[in-house]
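[1] quick check, what structure comes out for this input:
(one chain, ligands or ions: 1)
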Amino acid sequence: MSESKRLAGEKAIEFVEDGSVVGVGTGSTVAYFIDALARIRDRIEGAVSSSEQSTQRLKAHGIPVLDLNAAGPLPLYVDGADECDPHKRLIKGGGAALTREKIIAEASERFVCIIDPAKQVPVLGRFPLPIEVIPMARSLVARQVLAQTGGQPVWREGVTTDNGNWVLDVHGLEIVDPVATERALNQIPGVVSVGLFARRPADVVIVGTEPPTVL
Ligand code: 5RP
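    Numbering: from 1, shown residues only. Model prediction:
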């Protein structure tokens, strides 16, 4: 499994432009990308990071970490996913970094998603859908998610996001219209962000086969 993640992470280096600032996601697949990025760090200006975890790894490799407000629009964002459908729509947030990941994906011209083959699904929803919520709205959001979708929200107890919020994981979904579901769940007061990347899907998906498959 980690060999597939390494193959996908290293392949994504081919998308990095010289002299650019690179958007960097979060997770074990991205860790391989960061390690490969370190080998070409003299060719890039720096990175914008989606989590404290990735920031630490980038800094440990001597890669400058820049603020998104200062960096402006980015040419490239590289991140993993928990599920990917044939239209490159994703479920993300298994690492609780979904909100910053969504912000950087939106700020980037090209989103390259790096996954192992097990993440490919015909329909999203087998992986519980993460939703970041303002803590005081946890029960309200859970009730409304249940009413709207029929899915079972479970509080990811003990986890606080980098933004100081909590995460609900919604089990038992079959998301046939991910754009509509993303839009509807985003409307619930107290929802910070939904781990559906459908309105802004990936542009390129790299699957860590041997050799890697670029979709
Ligand atoms: C973090 C994410 C990750 O991209 C997702 O969980 C995949 O992680 P991994 O590469 O470790 O399988 O969305 O919030």
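[2] and the gap between the nearest residue to G164 once chain neighbours are set aside and V123?
    Residue nearest to G164 in three dimensions, not counting chain neighbours: P135, with 8.0 Å by CB to CB, 6 or more residues apart in numbering. Just so you know, the C-beta spots here come from the backbone N, C-alpha and C atoms, and that holds for glycine as well. According to CB to CB, to the nearest Å, P135 and V123 sit 31 Å apart.
[3] same question for L196.
    From L196 across to V123, the span is 12 Å (CB to CB).
[4] and R156, by the same measure?
    23 Å.
[5] who has more neighbours, these two?
    When neighbours are counted by other CB atoms under 10 Å, R156 and V123 differ, and R156 comes out ahead with 18 against 13.
[6] for the closest residue to that one other than its chain neighbours, which residues are in contact?
    Closest residue to R156 apart from its sequence neighbours, by CB to CB, 6+ apart: V167 at 4.2 Å. Counting by CB atoms under 8 Å, 6 or more residues apart in numbering, V167 touches 93, 96, 130-133, 155-156, 159, 161.
[7] which of those lies closest to A142?
    For those, the residue nearest A142 by CB to CB is W155; the value is 7.4 Å.
[8] kindly provide the distance from that closest one to I103.
    24 Å.
[9] so T160 sits in a helix?
    No: T160 sits outside any helix when classified using DSSP: H, G, I helix; E, B strand; the rest coil, being coil.
[10] burial count for it?
    Around T160 there are 12 residues (other CB under 10 Å).
[11] so it is in contact with I134, correct?
    No: in this structure, T160 is not within contact of I134 by CB atoms under 8 Å, at 11.9 Å.
[12] so what sits against both of the two?
    By CB under 8 Å, 6+ apart, the residues touching both T160 and I134 are W166.
[13] how about A142, secondary structure?
    A142 is classified as helix under three-state DSSP.
[14] what sits closest to it if chain neighbours are left out?
    Distances taken as CB to CB, 6+ apart place P153 nearest to A142, at 4.1 Å, with adjacent residues excluded.
[15] state the pLDDT value of the one you found.
    pLDDT, P153: 98.
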